[in-house]
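Chemist: quick check, what structure comes out for this input:
(4 chains)
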Amino acid sequence: MPIHEKSLIRPENIIRHESMNLQGVDVSGDWSTFIGSRTITDYNEDMQDEIAALPGGEYIHRCWQCGSCTNTCTVNAIEARFNPRYWIYLIRIGLEEELLRDKDILWQCVSCNKCTYTCPRDVVPEGVMKATAHWLELKGHTPDSPSTIFDREFSNQIFATGKVEEGRVLRRFFASTGQALRQPWLESMVIGLVSRLPVKMLLRLGLSAVLRPKTRKWSKSRAAITDYLQQQGRAERRALHLSAGEGTHV
Amino acid sequence: MTHKEPTGDYNGFGPGWKATGLTPAEARRATDWVEAKIDRRALLVNKDRVEDIRERMWELEKDGEIVVHRIGDQHEPVVARTLYGWEKKIPTNSLWHHKSCGQCGNIPGYPSSILWLMNKFGIRYLDETDQTSCTAWNYHGSGIGNVVSLAAIFLRNFHQAYVSAQAQGLPVGTYYPLVHCGTSFGNYKEMRIYLMHSAELREQVRKILGKLGRLVDGKLLIPEEIVHYSEWLHVMRHRIREHQVVDCGNLRATIHPACHVYKMVPEDVIYDDTVMDGNRVAVSTGLMQTLGAQVIDYSTWYDCCGFGFRHIIGEREFTRSFAIDRKIKVAVDEARSDVMIGHDTGCITTLDKNQWIGRAVDKVYELPVMADCQFAALACGAHPYKLAQLHWHASPFETLLEKLGIDWQQAKAEFESYLKDVADGRFETLYDPKRAITSGPGFVRQQGDQAA
Amino acid sequence: MSESRVLVVGSGPAGLSAAHALAAAGSRVTLVEKADRLGGAPILSGYARLVPSHEWARDAIGGMVARVEGNQRIDIHRSAVVENFEGSLGNFRAKLSNGQVIGADAAVLCTGFTHFDSVSKPEWGFGIYPDVVTTVQVEQMFSSGAGVRCPSDGRVPDRVAILLCVGSRDRQIGREWCSKICCTVSANIAMEIREALPKSSVYIYYMDVRTFGLYEGPYYWESQEEHRVKYIKARIAEVASDGKRLILKGEDTLVKRPITIPFDMVVQAVGMDPNVDNVHIASVFGIQLDKYGYVRKAPVYSAAGGTSRPGVFVAGAATGPETIDDSIAQGQSAAIAVLAAMRMPVQEAAE
Amino acid sequence: MTTTLKAPTPIGDPLNGSAAVSYEKLEAIFDDIRSHPLYDHELNGCLNCGICTATCPSAQYYDYSPREIVQLLWTENLEGIYDAMQEKIWACAQCYTCAARCPFQNSPGGLVMIMREAAIKHGLQSVKDVLRPFTRVMLKVISTGNQLAPNMITPQAFPDWGPNISKIDAPLTVLRKAIPVPTLHTLDTAWIVNLKTSIELYTIWEETGVLQQLEVVDSSLYDVIVDVMDEKRNEYQDWLDEQDED
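Modeler: Okay, here's the model as predicted:
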């Protein structure tokens, strides 16, 4: 007897044995199908504090669920599931499992900050979204994607030299993501650039690629920045009850 | 106690009404006393705000709109108290069995235990074939049916109960209907409320019943009380104890109160301060405690069994999931229950039959499930197979019987050999089958009935 | 004009305020209190710190009691009730249960309310599970100095739930009113628990939060901003126990999923019922009650504090759920109404 | 010239992706629900408190919420009501816990029944799908007044009830005869039902429009039942004629 109201059940809550024989009785499929409960049975009481410990999340506890943020939200206008009010509620009372269901759309905040201006309680929802995306990353809920890898290569180079050299970022990005260096779009772009840019600039670009120049007196600044980031990273991991490891990607 | 007949202006305000003749001061004191002693939930403000449908019934009778089938002396009523401290008369004798299709269909030990207990007390009753299901299961499950059809069926069955005694040469109203099924009980109580509230519904139903010849003096016949068998068991519990032969002292019992028994028309349900401090419906719990068992509370006592009305027929995935996770598992893990006792058809079926399939998801529970009347019969020495018909139960009642000191293997052997007699046409019965037909094809007037 | 005599019934905030105001204006006051001491609910029920002053009830209301007890113009009858009351404005006679007969020009009923009895909602577990308590009991835990502990075993609760609207907004039990003060009181209690037990978590289950007027800031906002109290939009359906902890069942209506959450302690924010004696009081004083069982107020636009009977006035929670501050204000307001009513015949004669 | 204030906003059937449903049909369905004699009895208002959903057994398993049903009706959300009539109303277990607990004394379970009746009246596809497994039961209950029969509980129909439908291995006829209540010695019905009784019941079905309901939902079942009952009526008439002759 197949379930008529199947669309009302989360697929992961259906426990089914396509083929099963119990004590000589064939109970395959529908005959042995069970439904798991969708009831919430506990709160994660650390969750609000964890988000609050990350930059941007400091004022999450003020929220009273008026919905102004969602009403003004740029992303919500085209993606109804993007609902900062709802996520703030989930975080505040610690419904982690529910929040994680939306982990793939949660990072889509475009930081327009309309919510920041409209919030009557100064929650800074945009900051909360940022903190939440960060939280997902730290907790390991967001596997590497091309965009996070690109970000990392980009940042690493800045940390290393205080500058960005696009060619190198691209090369490393392709290497890390296992892509061929020779991409048709890249080739045509390079050809376009070479034919249009002044020779002097081309020379400088070529030299930079070889010599990897640094910002002047960078090593001192780098030490200070790295130190700060590591300190920050350790604090964040502590707040999130994660084992002490590397800070953010330095 | 002398009982003055109601007279004058007040005639019709309930059969028990009589003028007290108290002075205003005495009346005030009496009222204070009642208010102090009454059920704790019957708070001052509230009491006046919840409608007692019976009051409307008496008014309609006074206005000549309906006839009320009264519970009389021949029914030997016992008074019980309901949720708000109101009184409800429970008849204990001269009963008309309004059977349950689910009980008779797949838990036959259910009706046989009730009849057996009644025989033990020498109670007069009628078990006849002129009755239908209330059809509420079908309505709640499929949506086929409507308020008019449900109300008409209610009144047809209760009219038959009213006139049934004529077949034995007895006056109408001799037998009072005792409803076996919880859904019928809840449904009939709802229908009575709708009927009392809606003149239009009464008119629609009156036409139909007129066509069937089911009116009394051209009026609808409405029962004074709608009574569930578990209420009868409840008020009989001390008398049942007198017949008890099996010690239940080391038993941990959980109760599954049936939704349609106590959530539909909740103001009509029996609560008793001596049963769980009046915090739980009294039926079944009161009986089990009286028989000496420990009744253990569990966190999902209020939950439904998972029957689902439609689900049990079309979609048992929900039924079995709910029955195991929310009832059986909790009763076993939390209450360490030896037996779960219920008082309604669907619940017993659901909780009993849906345990086995738990093995499919490694939820292996073995909790005996049976009705309060079956347990009471066992406690009074009834045969577990021949009478309580436990072999229709899928849950492992054998362990329970061992705990009660009943040799089930011997009983089983006795029953198996009895089945040979049955196959040869020799069977025992609780009841004279000739009385089962009271009119129409097959009716035979009994010798001596005229004189009875 | 001879000195006026006024009967004040009840010595809670409203009664203490009315008695003092009348005496200060030169009247002779007879104050009748059915309990053996003055102070009304805040004293008799052992409230802790009051909203919004945060003063201890025994200090704040105690001060009002002392002021009245020390007033020569106020004649106090404790452990007494009015058994009979007849006459008309300017000429009433009241017979007290202690046998005394009092003459009065007018009467002010400050008969207050009764805390909702949670036993009437068995599905919420009060009276079944010892760790289900009422806001009044938590007040007592604070005011007695015992601290918030689970009554079952004396342990410090890790997780406390406060259920709003217990005995309010519930047709099942004939209570179709909002008790007005429970949201604020609950926020206050929640903050006090968090202050006393910083490791605990406190959740408030609500339908709406009605910390009206200026209570919004110091209660609703502050409980969240400073004390991290969590508000969950759910009216709890049932409190059960798994034998170890209490289990709360409800629907989180924002997440749209049922919840069954374990708690150590459940606090029921009990509402304000009409005084259980109101039917009796109404018959003794010949006044009407409203459909909920509170004292029916006369139209307020001409003169506040009137009842259905001229010369009988009313103040405070006798007319419906009321705060302590407003009860005190109404006591004074009724005093003015009494004085004005007694002057009326003089004025009419002059005209 | 007439002006339409409410813009017709047709929606498609979410189940079968069929053509959009006209606003007129949505309105007709809601009118039938609202004009049901019990509608005002079951719906008084809503505090949106969630007690009904909290106590609802189905809400523990399905994305089904009695609170949502009440809200849809209370706010007269015609599309939402129609949508709920595809799947959600069939998830209700009809236990009436919601009604027993509602602080406003609504009956969400009762409202679901009203919506099911309306779904049947309008012959929605969901009704036909949902009621397919009910055929045998409906045949039984309409023709005999008994919902359930011993011979319906077979291992083929109930494999999930396990091997022990009876723990005593004997023919069903013998097992039924071994029940000490004589009215239960039957296989086809839960108890023996008088011929006259089932005809009286059939008259009730006819008079109350239940047979028309059935015709909408399952015309072939309807035909079978009409045949069976005609035969019973003839049989009863023959018996009555015999009585007259005597």
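
Chemist: from here on, just use CA atoms for contacts and neighbour counts.
Modeler: Noted.

Chemist: can I see the domain layout of chain D?
Modeler: Segmentation of chain D into domains, based on automatic domain parsing, reads D:23-122, D:132-245.

Chemist: quick one: closest of those to chain A.
Modeler: domain D:23-122 (4.7 Å; Cα to the nearest Cα).

Chemist: now that closest one: mean pLDDT?
Modeler: Summarised as a single mean, pLDDT over domain D:23-122 is 95.

Chemist: between the two ends of it, how far is it?
Modeler: 14 Å (Cα to Cα, to the nearest Å).

Chemist: pick the most buried one from the domains of chain D.
Modeler: domain D:23-122 (a mean of 22; mean count of other Cα atoms under 10 Å in any protein chain shown).

Chemist: now check it, is it near chain C?
Modeler: Yes: judged by Cα under 8 Å from any Cα of the partner chain, domain D:23-122 and chain C are in contact via D:47-55, D:59-60, D:63, D:65, D:101-105.

Chemist: now that domain, how far from the centre of its chain.
Modeler: 15 Å (Cα atoms, centre = their mean, to the nearest Å).

Chemist: what do you get for stretch B:70-77?
Modeler: For stretch B:70-77, the separation from the chain centroid amounts to 17 Å (computed by Cα atoms, centre = their mean).

Chemist: now swap in stretch C:169-181 and tell me
Modeler: Relative to where its chain is centred, stretch C:169-181 has its mean C-alpha point 15 Å off (Cα atoms, centre = their mean).

Chemist: could I have the CA atoms of that stretch written out in PDB?
Modeler: Taking C-alpha atoms only, stretch C:169-181 is exported to PDB below (Å, rounded to 0.1, in the frame of the first residue of the first chain):
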ATOM      1  CA  ARG C 169      -7.100  32.900  26.700                       C
ATOM      2  CA  ASP C 170      -8.600  29.500  27.000                       C
ATOM      3  CA  ARG C 171     -12.200  28.800  26.200                       C
ATOM      4  CA  GLN C 172     -11.800  25.100  27.200                       C
ATOM      5  CA  ILE C 173     -11.900  26.400  30.800                       C
ATOM      6  CA  GLY C 174     -14.100  29.400  30.200                       C
ATOM      7  CA  ARG C 175     -11.200  32.000  30.500                       C
ATOM      8  CA  GLU C 176     -11.500  34.200  27.500                       C
ATOM      9  CA  TRP C 177      -9.400  37.000  28.800                       C
ATOM     10  CA  CYS C 178      -5.700  38.000  28.700                       C
ATOM     11  CA  SER C 179      -4.400  38.300  32.300                       C
ATOM     12  CA  LYS C 180      -2.400  41.300  31.300                       C
ATOM     13  CA  ILE C 181       0.600  41.000  33.700                       C
END
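
Chemist: who's in contact with it?
Modeler: The contact list for stretch C:169-181 (Cα atoms under 8 Å, 6 or more residues apart in numbering or on different chains) reads B:45-46, B:49-50, C:120, C:165, C:167-168, C:210-211, C:271-272, C:292, C:321-323, D:101-105.

Chemist: re earlier: mind checking which of the residues of domain D:23-122 next to chain C are in helices?
Modeler: D:51, D:52, D:53, D:54, D:55, D:101 (DSSP state H).

Chemist: near chain B, from those residues?
Modeler: Checking those against chain B (Cα under 8 Å from any Cα), the matches are residue D:55.

Chemist: and the ones in helices among the residues of domain D:23-122 next to chain C, which is closest to residue B:363?
Modeler: Using Cα to Cα, residue D:55 is the member of those that lies nearest residue B:363, at 23.8 Å.

Chemist: that closest one: what's it in contact with?
Modeler: Per Cα under 8 Å, 6+ apart, neighbours of residue D:55: B:303, C:237, C:238, C:249, C:250, D:97, D:98.

Chemist: can you say which of the residues you listed are buried?
Modeler: B:303, C:237, C:238, C:249, C:250, D:97, D:98 (16 or more other Cα atoms under 10 Å in any protein chain shown).

Chemist: in contact with residue B:115, which residues?
Modeler: residue B:430.

Chemist: could you confirm it falls within a helix?
Modeler: Yes: Residue B:115 sits within a helix when classified using DSSP: H, G, I helix; E, B strand; the rest coil.

Chemist: for the contacts of residue D:55, please prepare a markdown table with the additional fields distance to residue B:256 and secondary structure.
Modeler: As requested, these are arranged in a markdown table below (distance: Cα to Cα, whole Å; DSSP: H, G, I helix; E, B strand; the rest coil):
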| residue | distance to residue B:256 | secondary structure |
| --- | --- | --- |
| B:303 | 8 | coil |
| C:237 | 19 | coil |
| C:238 | 17 | strand |
| C:249 | 18 | strand |
| C:250 | 21 | strand |
| D:97 | 14 | helix |
| D:98 | 18 | helix |
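
Chemist: strands along chain A, start to end?
Modeler: Taking DSSP state E as the criterion, chain A contains strands spanning A:14-15, A:21-22, A:25-26, A:34-35.

Chemist: out of the ones you listed, which one sits most buried?
Modeler: Buried most deeply of the strands of chain A, by mean count of other Cα under 10 Å, is strand A:34-35, with a mean of 24.

Chemist: what lines up beside it in the sheet?
Modeler: Under the criterion DSSP bridges, strand A:34-35 sits next to strand A:14-15 (antiparallel) in its sheet.

Chemist: show me what the strand it pairs with is in contact with.
Modeler: For strand A:14-15, the external contacting residues (Cα under 8 Å, 6+ apart) are A:33, A:34, A:35, A:36, B:361.

Chemist: how far does the helix or strand encompassing residue C:223 sit from the chain's center?
Modeler: Using DSSP states H and E, residue C:223 maps to helix C:222-225. Computed by Cα atoms, centre = their mean, the separation of helix C:222-225 from the middle of its chain amounts to 25 Å.

Chemist: since that was my last question, I'll sign off now.
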